[in-house]
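mind looking at a prediction? Sequence and model below.
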Amino acid sequence: REWEKDFQLRHRLLENILDSKSTLSSLSHLLSQIPNIVIREDIGQMVVKAVEKVATSSALVEEAKLVEGYQASREALELSETAFFDQSLLALLYFPDDQKYAIYIPFFLPVG
């Protein structure tokens with residue numbers, strides 16, 4: 001039943017790669033919608049590592065190293081989802097610009 005194991009590894013590996021790419025794409029789109037966003041260095045590193053793991057996983061599948069490829073795809077998925085759901089980014093989504101202006105304008109306008 002080796003072929004069943006190979007099938008499951010290939011299926012999950014492909015699923016993980018597609019989910020990782022989708023998550024990274026969503027993160028990129030989301031961050032492009034928020035002006036003046038500051039992304040922490042560790043979040044940036046997670047994204048870079050996730051992209052590297054996706055590439056590594058794809059290369060390992062081409063070499064028929066399914067177990068190693070699957071492990072790399074799991075790591076890519078974990079990294080991409082951790083970056084996407086990081087608390088520092090989520091907090092910025094719920095603090096719109098109009099609220100920022102309402103808070104900071106009184107400090108900069110003269111009181112007459």
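Looks like it came in fine.

center of this structure, which residue is that?
For the chain, the residue nearest the mean C-alpha position is residue 80 (3.2 Å; Cα atoms, centre = their mean).

so that residue is in which element?
Using DSSP states H and E, the element containing residue 80 is helix 66-84.

any idea which helix is longest in this protein?
When the chain is parsed with DSSP state H, its longest helix is helix 2-33.

quick one: low-confidence parts of this protein?
For the chain, the stretches with pLDDT under 70 are 35-36, 90-101, 110-112.

ok, now how distant is residue 59 from residue 65?
Using Cβ to Cβ, to the nearest Å, one gets 9 Å for the distance from residue 59 to residue 65. All C-beta atoms are positioned from the backbone trio N, CA, C, and that covers glycine.

report the set of residues contacting both of the two.
Contact criterion Cβ atoms under 8 Å, 6 or more residues apart in numbering; no residue bridges residue 59 and residue 65 by contacting each.

in contact with residue 67, which residues?
Applying Cβ under 8 Å, 6+ apart, the residues contacting residue 67 are residue 9.

please redo it, this time with the cut-off set to 6 Å
Listed by Cβ atoms under 6 Å, 6 or more residues apart in numbering, the contact set of residue 67 is empty.
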